[in-house]
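Asks: heads up, no residue letters with this:
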């Protein structure tokens, strides 16, 4: 670093009231920030804040530097301090909201975006950010309204078309979602995210060749794009089997280790290959990233049960039935796990629930028969086995 680079922060630190030095230092930090010299800019901003802790420009500048370096928690702390200094600044509220959304804190992000819009109600970018935060909370209809508002303000806003498509896809409106993604690509042909989302929806519609081409295009535009690798892995698993998919899920996780979908999908293919211990590790990581993901609890219960870890399996099945009480397969899995632990009366209760939900599930009758026999109820066991025979012969 040149002598001029080191002199200004030193002068600021030793002469707290030298406003001219602070002004010169801030100007220099801004220039370095614009040039991408993050370390140098950080040093000067920090020096200014040591002297003047509420210097608004330096709080924002250092927050932006941390944001650029994906130091999100540090960026949030700086933007919060900036927001406290200037609570009516819509730009700060928007920046803070974006980082909070990236930190999976959508509730707080919504509050920030709403504050920003109260000052600038016609800001298309902020409406779109708010739509994404609402979508993360499962409030799809409200999300659609804000994406639509963004597009009313700026009809050529490619990202808003893409995000509107995602909200529509979440409401199981795939054709409308496809139209949005295609519009985004007309406006911006190299929009990797739109190609990726379009691949997801087309794959779900059974148009796999088209889906593969969009995932491949996304990866050409943005090599290492984790979500495109993940989507392509899902399709290849269906088309070519699990071995073809593993590399794509691993590449997705190399690029984005906290991508819960890739962790879950990798767990799926490893489970299919009977690599149960590795699958368990993937499902546990999925739940660490997304604790309420019921399908991860379900798959983890199944794999743990396959390894005779029935106590642990029961805990995960119970997590699923607390959210999805009408899932017959989970009720049955819970019945079998309880049976393996000789908790026969509880096993019968869950097997009966499985049958109430799905009367064709003959294995539940068998589970009841086994449990009743273990309890010494020969008549009840015989009745359960007789029902299986009657179902098999078409007499039930």
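Replies: Now that the structure is in, tell me what you want to look at. Only a predicted model underlies this, so the values are computations on that prediction, with no experimental measurement involved.

Asks: Spell out the residue ranges of the helices in the stretch 251-396 of the chain.
Replies: 260-272, 276-289, 294-306, 310-321, 328-340, 344-357, 362-374, 378-393 (DSSP state H, counting those that start in this stretch).

Asks: and the third one, which residues are buried?
Replies: To tie it back to what came earlier, the one meant is helix 294-306. Neighbour counts using 16 or more other Cβ atoms under 10 Å place 294, 296-305 of helix 294-306 among the buried residues. C-beta coordinates here come from the backbone N, C-alpha and C atoms, glycine included.

Asks: can you give me the offset of that helix from its chain's centre?
Replies: 19 Å (Cα atoms, centre = their mean, to the nearest Å).

Asks: Packing partners of it?
Replies: helix 260-272, helix 276-289, helix 310-321, helix 328-340 (3 or more Cβ pairs under 8 Å, 6 or more residues apart in numbering; DSSP states H and E).

Asks: what's downstream of the one helix or strand residue 176 maps to, the next helix or strand?
Replies: In this assignment (DSSP states H and E), residue 176 forms part of helix 174-187. Once helix 174-187 ends, the next helix or strand along the chain (criterion: DSSP H and E) is helix 192-204.

Asks: just the angle between that following helix and helix 174-187, please?
Replies: Between the axis of helix 192-204 and that of helix 174-187 there is an angle of 150 degrees, by axes from the mean of the first three to the mean of the last three Cα atoms, to 10 degrees.

Asks: Contacts for helix 192-204 next, please.
Replies: 158-159, 161-162, 165-166, 169, 174, 177-178, 181-182, 184-185, 188, 208, 210-215, 217-218, 221-222, 225, 227-228, 231-232, 234-235 (Cβ atoms under 8 Å, 6 or more residues apart in numbering).

Asks: what's near enough to touch the residue nearest to residue 370 when sequence neighbours are not counted?
Replies: Once flanking residues are discounted, residue 370 sits nearest to residue 339: 6.4 Å by Cβ to Cβ, 6 or more residues apart in numbering. For residue 339, the contacting residues are 347, 367, 370-371, 374, by Cβ under 8 Å, 6+ apart.

Asks: How about residue 261?
Replies: So residue 261 contacts 227, 230 (Cβ under 8 Å, 6+ apart).

Asks: Tell me the pLDDT of residue 268.
Replies: pLDDT, residue 268: 96.

Asks: Residue 107: which of the helices and strands packed on helix 294-306 is closest?
Replies: Judged by Cβ to Cβ, the one of the helices and strands packed on helix 294-306 that comes nearest to residue 107 is helix 276-289, at 17.8 Å.

Asks: What is the end-to-end distance of stretch 186-196?
Replies: Start-to-end span of stretch 186-196 (Cα to Cα, to the nearest Å) is 15 Å.

Asks: Residues in contact with stretch 367-383: which ones?
Replies: Under Cβ under 8 Å, 6+ apart, the answer for stretch 367-383 is 332, 335-336, 339, 342, 344-345, 347-348, 351-352, 355, 384-385, 388.

Asks: what ranges do the helices span in the stretch 51-200 of the chain?
Replies: Under DSSP H, counting those that start in this stretch, the stretch 51-200 of the chain gives helices at 56-68, 72-85, 90-102, 106-119, 124-136, 140-153, 158-170, 174-187, 192-204.

Asks: Pipe those into a markdown table and attach mean pLDDT and mean neighbour count per row.
Replies: Listed next are those as a markdown table, based on pLDDT from 0 to 100; neighbours: other Cβ atoms under 10 Å:
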| stretch | mean pLDDT | mean neighbour count |
| --- | --- | --- |
| helix 56-68 | 79 | 22 |
| helix 72-85 | 78 | 19 |
| helix 90-102 | 83 | 23 |
| helix 106-119 | 91 | 20 |
| helix 124-136 | 96 | 24 |
| helix 140-153 | 97 | 20 |
| helix 158-170 | 97 | 24 |
| helix 174-187 | 98 | 19 |
| helix 192-204 | 97 | 24 |
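
Asks: Would you mind giving these as a markdown table with distance to residue 266 added?
Replies: Putting the helices of the stretch 51-200 of the chain into a markdown table (distance: least, Cβ to Cβ, whole Å) gives the following:
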| stretch | distance to residue 266 |
| --- | --- |
| helix 56-68 | 29 |
| helix 72-85 | 25 |
| helix 90-102 | 23 |
| helix 106-119 | 25 |
| helix 124-136 | 23 |
| helix 140-153 | 28 |
| helix 158-170 | 23 |
| helix 174-187 | 25 |
| helix 192-204 | 17 |
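
Asks: sorry, back to before: could you identify the buried members of the contacts of residue 339?
Replies: 347, 367, 370-371.

Asks: a markdown table for those residues, including pLDDT and distance to residue 267?
Replies: Converted to a markdown table, the buried ones among the contacts of residue 339 look like this (pLDDT from 0 to 100; distance: Cβ to Cβ, whole Å):
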| residue | pLDDT | distance to residue 267 |
| --- | --- | --- |
| 347 | 96 | 27 |
| 367 | 95 | 26 |
| 370 | 95 | 30 |
| 371 | 95 | 31 |
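
Asks: ok, which pair from those residues is furthest apart?
Replies: 347 and 370 (8.3 Å).

Asks: one step back: tell me which two of the contacts of stretch 367-383 sit farthest apart.
Replies: Across the contacts of stretch 367-383 (Cβ to Cβ), the longest gap, 22.4 Å, separates 342 and 388.

Asks: neighbour count winner among the two?
Replies: Remark: of residue 342 and residue 388, residue 388 carries more neighbours, 17 against 9, as counted by other Cβ atoms under 10 Å.

Asks: what sits up against stretch 290-303?
Replies: 260, 264, 267-268, 271, 276, 279-280, 283-284, 286-287, 313-314, 316-317, 319-320, 323-324, 327, 329-330, 333-334, 337.

Asks: again, but for stretch 170-182
Replies: With Cβ under 8 Å, 6+ apart as the criterion, stretch 170-182 contacts 135, 140-141, 144, 161-162, 164-166, 168-169, 194-195, 197-198, 201-202, 204-205.
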